[in-house]
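Asker: Just the structure for this:
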Amino acid sequence: MFHRKASHAEELQGSAMEGQMKFQVEQVVVLSDGDYRQFKETGFLEDQIFLFANDDKMWFDPNQLCWHCVLVKGETSRDGILVESEGYSYARYAAYAPDCSRLRLRDVPVHYEYPAKAPVRKKIRQKDGMER
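Answerer: A predicted model of the protein is given here:
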């Protein structure tokens with residue numbers, strides 16, 4: 001369930017997400033764990049550069065009753081916040097996602113907001129001597 005102008009994540013956490021309305025994640029924004037914690041505690045109603053930069057990826061489709069949104073999460077967090085800013089640079093509409101691994105994110109672009117870093121993939125040496 002998306003909430004209008006919630007001030008922090010605790011306001012979202014009591015609501016069931018399933019069965020309310022459809023949503024589609026258009027972009028994943030990964031913050032450092034510290035920045036994500038601060039966003040969840042006090043940052044919903046503050047202007048956020050990462051929301052401003054992704055405003056074209058957030059809208060509500062009234063014909064499909066579908067929220068097109070960004071998923072904001074921390075580097076190591078299991079949970080996340082779905083945001084539809086409605087053209088603003090703050091979380092005008094937000095919903096809590098308690099387990100991001102349950103979301104279909106396979107082809108969704110991911111942006112790591114500095115100082116967050118993409119995980120380093122280890123090269124695997126094959127039997128034929130090639131690294132992959």
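Asker: give me the beta-bridge partners of Gly74?
Answerer: Leu31 (DSSP bridges).
Asker: Pull the number of nearby residues for it.
Answerer: A count of nearby residues for Gly74, using other Cβ atoms under 10 Å, gives 19. Where C-beta positions appear, they are placed from N, C-alpha and C, glycine not excepted.
Asker: The one 10 residues further on too?
Answerer: Applying the criterion other Cβ under 10 Å, we find 25 residues in the vicinity of Glu84.
Asker: Could you tell me the per-residue confidence at it?
Answerer: Looking at Glu84, its pLDDT reads 94.
Asker: again, but for Ile49
Answerer: Reported pLDDT for Ile49: 93.
Asker: Nearest residue to it in space, please, no chain neighbours.
Answerer: Counting by Cβ to Cβ, 6 or more residues apart in numbering, the nearest residue to Ile49 once its immediate chain neighbours are dropped is Ser89, at 7.4 Å.
Asker: which phi and psi does Ser101 have?
Answerer: Ser101 adopts backbone torsions of phi -70, psi -20, taken as degrees, to the nearest 10.
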